[in-house]
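J.: The following block contains a protein sequence and its predicted model.
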Amino acid sequence: MVLTLPAALLNLGLAYLASKWLGAAEFGIYYAAITAINIAFAPATILNLFFTRAVAAIGAEFGSPGAVRASSQVFRFIASWVGAFTGVGILLAGAFWWLSGSFALWVAVLALLIVYFSYCSEAGRIAFQGDGKFVHLGVFTLMWMALRFAGGAAGIYFFHSVWAGLAGIAIAIFLPITFLFRPWTMLRERFFFPWSTDNSADRKFISMVKFSSFAKLASGFLLFMLLANADILAAYLMLDPVDLSIYSASSVLPKGLLIATLPLIQLIFPLIVGERASARPTVLLILRGALLTLLVSGAGAIAITVLSAPLCTGAHGIASCNDDVMAYGLTAIVAMSMLRLAVSADYAAKNDLIPLLLAAPIAAGWLLVRTSDISAPLSLGQYYAAFSVATLVSYSAASIAFRAMKLLRAKMANAQHQVPR
């Protein structure tokens with residue numbers, strides 16, 4: 001966290017400098033491009049969980065050389081397939097520009113290249129995360145964001161243009177990839193199907209990266225993401241513009257706290273995978289992770305509450321922020337941080353179907369919202385806090401029950417196997 005939180009601040013700092021060094025119209029285009037990049041890069045979290053689970057399992061069974069080999073396979077796969085989609089995107093952007101000419105083609109092309117290089121860089125984080133090299137993971141993330149900040153800031157400062165800032169970002173974030181994977185060697189490999197079956201580690205890796213497994217993991221994690229942002233969607237649909245502004249402003253810091261606790265998942269997830277692959281119990285590790293998540297998210301919520309005057313309601317705080325609404329939002333985010341850990345622990349244990357149960361609270365919550373009289377930001381904040389805690393408790397109970405039943409079935413099967421005939 002010491003390494004990754006400054007990286008997040010550098011990301012915000014680049015947006016701040018861009019607002020100062022670009023004109024109003026140029027900054028609007030720049031921020032729209034960055035927002036589009038962030039949306040296109042959002043599925044990287046799912047890819048990270050999916051491939052980290054495979055790399056960590058290979059590392060636990062075949063050692064660090066197996067994890068390194070698996071990481072190379074991951075990079076070649078991401079670079080090949082995302083590269084193909086990027087090429088199609090550039091062709092489509094060129095076609096739309098030729099037909100309409102209503103947008104800057106170079107800005108669109110640079111945005112697509114930034115997305116592509118970002119996915120390739122995510123393969124680096126998967127490599128370190130899956131191999132349990134967490135200090136390397138933090139350093140790599142900090143270097144990635146620092147180079148992104150330096151490249152973007154230099155382009156904007158010297159050329160005062162959107163395309164130069166985006167070009168600086170694209171060039172800068174390509175550099176870490178060259179240090180790790182030597183991407184030019186990929187040109188000598190198979191393009192769309194880079195998997196190798198040269199040894200048992202490769203065959204094991206191939207057996208773990210099936211589309212059906214990815215579809216289940218992606219579905220459950222998307223349900224969690226929907227839960228974590230369900231209050232914003234409800235506010236947009238149910239509150240008037242003024243109240244929507246109050247609720248949105250009061251949610252900035254709580255939602256930021258959820259992002260700030262992400263390094264905990266990056267630490268705990270591969271450890272659970274490794275313990276499970278080594279046939280060791282993971283209950284104590286999950287409990288320690290839950291306690292650590294509760295301490296970090298709870299401490300963050302308390303710190304934000306104590307500093308609510310300067311951060312929220314003060315003259316230099318977030319405009320339209322309400323400290324009472326924010327307090328309920330912080331309660332909800334602490335619960336959501338714990339829920340994300342529970343979901344990640346189920347994925348680490350390959351219980352991929354359990355997170356699909358999150359569809360039930362989403363449906364129930366939507367029905368309650370539609371039938372309840374929620375017309376003020378505070379009432380929505382109270383409802384979402386109670387809903388988040390109830391969802392955490394019910395999901396945890398269901399997960400524990402599923403694990404207990406799975407363990408009982410395994411013991412019964414083992415007992416039947418040992419009965420003499």
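T.: Sure thing, it's come through. Predicted model, so just to flag it, every value in this text is computed and none were measured.

J.: all helices for the stretch 251-400 of the chain, in order.
T.: Counting by DSSP state H, counting those that start in this stretch, the stretch 251-400 of the chain has helices at residues 262-277, 283-306, 308, 323-348, 359-371, 377-418.

J.: Now render these as TSV, adding mean pLDDT.
T.: TSV is the format used below for those (pLDDT from 0 to 100):
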stretch	mean pLDDT
helix 262-277	81
helix 283-306	91
helix 308	84
helix 323-348	93
helix 359-371	87
helix 377-418	86
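
J.: what's the most buried one of those?
T.: Greatest average neighbour count among these goes to helix 323-348 (a mean of 24), per mean count of other C-beta atoms under 10 Å. All C-beta spots, glycine's among them, are computed from the backbone N, C-alpha and C.

J.: helices and strands around that one, which ones?
T.: Where contact means 3 or more C-beta pairs under 8 Å, 6 or more residues apart in numbering; DSSP states H and E, helix 323-348 is packed against helix 44-100, helix 211-228, helix 241-260, helix 262-277, helix 283-306, helix 308, helix 377-418.

J.: angle of it against helix 262-277?
T.: When axes from the mean of the first three to the mean of the last three C-alpha atoms, to 10 degrees is applied, the directions of helix 323-348 and helix 262-277 differ by 20 degrees.

J.: Three-state assignment for residue 236, please.
T.: Classification of residue 236 using DSSP: H, G, I helix; E, B strand; the rest coil returns helix.

J.: now it, nearest residue through space, not along the chain?
T.: residue 244 (6.2 Å; C-beta to C-beta, 6 or more residues apart in numbering).

J.: tally of neighbours for that neighbour?
T.: Residues within reach of residue 244, counting by other C-beta atoms under 10 Å, total 18.

J.: pLDDT score for residue 101?
T.: pLDDT, residue 101: 69.

J.: do the same with residue 154
T.: Value for residue 154, per-residue pLDDT: 94.

J.: Please identify which helix or strand holds it.
T.: helix 134-159 (DSSP states H and E).

J.: Could you pull out the buried residues of that helix?
T.: Neighbour-count burial for helix 134-159 flags 134, 136-138, 140-145, 147-149, 151-156 (criterion: 16 or more other C-beta atoms under 10 Å).

J.: Repeat that for stretch 204-212.
T.: For stretch 204-212, a neighbour-count test (16+ other C-beta under 10 Å) marks 204-205, 208-209 as buried.

J.: Quick check: end-to-end length of that stretch?
T.: 16 Å (C-alpha to C-alpha, to the nearest Å).

J.: Next, the residues that contact that stretch from outside, please.
T.: For stretch 204-212, contacts defined as C-beta atoms under 8 Å, 6 or more residues apart in numbering pick out 50-51, 53-54, 57-58, 61-62, 70, 73, 77, 195, 197.

J.: Quick check on those residues: which are buried?
T.: For those, a burial check counting by 16+ other C-beta under 10 Å picks out 50-51, 53-54, 57-58, 62, 70, 73, 77.

J.: can you put those residues in a markdown table and add pLDDT and distance to residue 408?
T.: Below are those laid out as a markdown table (pLDDT from 0 to 100; distance: C-beta to C-beta, whole Å):
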| residue | pLDDT | distance to residue 408 |
| --- | --- | --- |
| 50 | 90 | 29 |
| 51 | 92 | 32 |
| 53 | 88 | 25 |
| 54 | 89 | 28 |
| 57 | 86 | 24 |
| 58 | 88 | 30 |
| 62 | 84 | 31 |
| 70 | 87 | 33 |
| 73 | 85 | 37 |
| 77 | 87 | 38 |
